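Novice: this one's sequence-less:
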């Protein structure tokens, strides 16, 4: 739908591969797509004739994918800098988010600077975010090894045989929604000291080259 064209692809081609075949590049990274008007991640594979519309951060679902990817990457940065600490998104403030690092009662300007530097490194490395489907017992064992007891408690409340998790290098999480395929999708954000934690700014959906005020 983005190009108004028809094309043939091999059965099982992913949306990411389709984007590459089309040499389709938007002003901002594509984060997901609608296939027959159903929201799909970029690793979704096509097995039948389909209408496809790629979306970026300017779409209301796209900005949510961007936010989750940003928070997941922030969790990785915190893990790298302070392995015994946990990153928490507490609540929205204005049009950004107030976050805390569990176990750090007052984050200093120096620590915020280190966090921003590590975030920039992770984005530059363009690390893949991999989706896996694990047996519930395997997912519980994974969270036990990570000492992620909040995630362990959450997964035990869902009586399902399998659990969908996302991995980013050496951390993992179950998400309430989709994320981008890699950290390289993050092109604009800001992190500042705010009360006892940090304030995270995100791009404006209708003007994505600017941060929300």
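Specialist: Perfect, I can see it now. The model shown is predicted, which means the values in this text are computed figures rather than measured ones. Residues are numbered from 1 along each chain as shown.

Novice: Let me see the mean pLDDT of stretch 93-102.
Specialist: In this model, stretch 93-102 has an average pLDDT of 94.

Novice: Can you give me the buried ones in that stretch?
Specialist: 96, 97, 98, 99, 100, 101 (16 or more other CB atoms under 10 Å). Using the backbone N, CA and C atoms, a C-beta is placed for each residue, glycine as well.

Novice: ditto for stretch 139-149
Specialist: Quick answer for stretch 139-149 (16+ other CB under 10 Å): 139, 140, 142, 143, 148.

Novice: Show me those residues that map onto helices.
Specialist: 139, 140, 142, 143 (DSSP state H).

Novice: Mind pulling up the pLDDT for the residue nearest the centre of the chain?
Specialist: The centroid of the chain falls nearest to residue 69 when counting by CA atoms, centre = their mean (1.8 Å). We have a pLDDT of 97 for residue 69.

Novice: and what of residue 140?
Specialist: 80.

Novice: what residue ranges in this protein score low on pLDDT?
Specialist: The model of the chain has no residue with pLDDT under 70.

Novice: which helix of it spans the most residues?
Specialist: helix 60-81.

Novice: Okay, angle between the next helix or strand after that one and helix 60-81 too, please.
Specialist: Next helix or strand after helix 60-81 toward the C-terminus (DSSP states H and E): strand 86-93. Here strand 86-93 runs at an angle of 140 degrees relative to helix 60-81 (axes from the mean of the first three to the mean of the last three CA atoms, to 10 degrees).

Novice: buried set for strand 86-93?
Specialist: Quick answer for strand 86-93 (16+ other CB under 10 Å): 86, 87, 89.

Novice: Apart from its chain neighbours, what residue comes closest to residue 56?
Specialist: Leaving aside its chain neighbours, residue 56 sits nearest to residue 28 (4.3 Å; criterion: CB to CB, 6 or more residues apart in numbering).

Novice: What separation is there between that neighbour and residue 51?
Specialist: As defined by CB to CB, to the nearest Å, residue 28 lies at a distance of 22 Å from residue 51.

Novice: Many thanks, I have nothing further to ask.
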